[in-house]
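*Asks:* need coordinates for the below:
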Amino acid sequence: MTVLDIDTPPTDEKTDWLLLSEAALKVGNFASLDELILQALDTWVDQLNPESRWKIAIELYTGDEISTGRAAEIAGLDYVSFMEKLRVHGIPFMAAQSTNDEQKQREEALLDELISI
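*Replies:* Here you go, the predicted structure:
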């Protein structure tokens, strides 16, 4: 037997989320709706399974949308572990464009150091 509550108006999911967002902005430490949404997305990514996080990170990384460090963060790995996993999966390291020769030499030295680990 279904019981209907006459005093509670039906809400759709969109209305529910809007009400929840407005309340969170009032009581939370959020400067804006954008900040609230970004925090919610970060929390969502943190809760994904490792395989999904890896796939998202690789999609963005190989599309040259994010840095190696950010890809490692999304994948839930430290930088060195991420680099090793790239190597194991045959995914090439994509270095950022260097602004000068000195910076390029530092990056190459760091890469050589990482590879020798």
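*Asks:* can you tell me how far the residue nearest the centre of the chain sits from A23?
*Replies:* Centroid-nearest residue in the chain, with Cα atoms, centre = their mean: I74, separated by 4.1 Å. Separation of I74 from A23 (Cβ to Cβ, to the nearest Å) stands at 29 Å. Any C-beta I mention is one placed from the backbone N, CA and C, and that applies to glycine too.
*Asks:* before we move on, what about W17?
*Replies:* According to Cβ to Cβ, W17 stands 11 Å off from A23.
*Asks:* quick one: low-confidence parts of this protein?
*Replies:* Within the chain, the ranges that satisfy pLDDT under 70 run 1-11, 95-99, 117.
*Asks:* rewinding a little: dump the residue contacts of the residue nearest to the centre of the chain.
*Replies:* V45, R53, I56, A57, L60, I66 (Cβ atoms under 8 Å, 6 or more residues apart in numbering).
*Asks:* those in strands, which ones?
*Replies:* Judged by DSSP state E, strands contain none of those.
*Asks:* quick one: which of those is most hemmed in?
*Replies:* A57 (24 neighbours; other Cβ atoms under 10 Å).
*Asks:* L33 is in contact with L20, isn't it?
*Replies:* No: at 11.7 Å, L33 does not count as touching L20 under the criterion of Cβ atoms under 8 Å.
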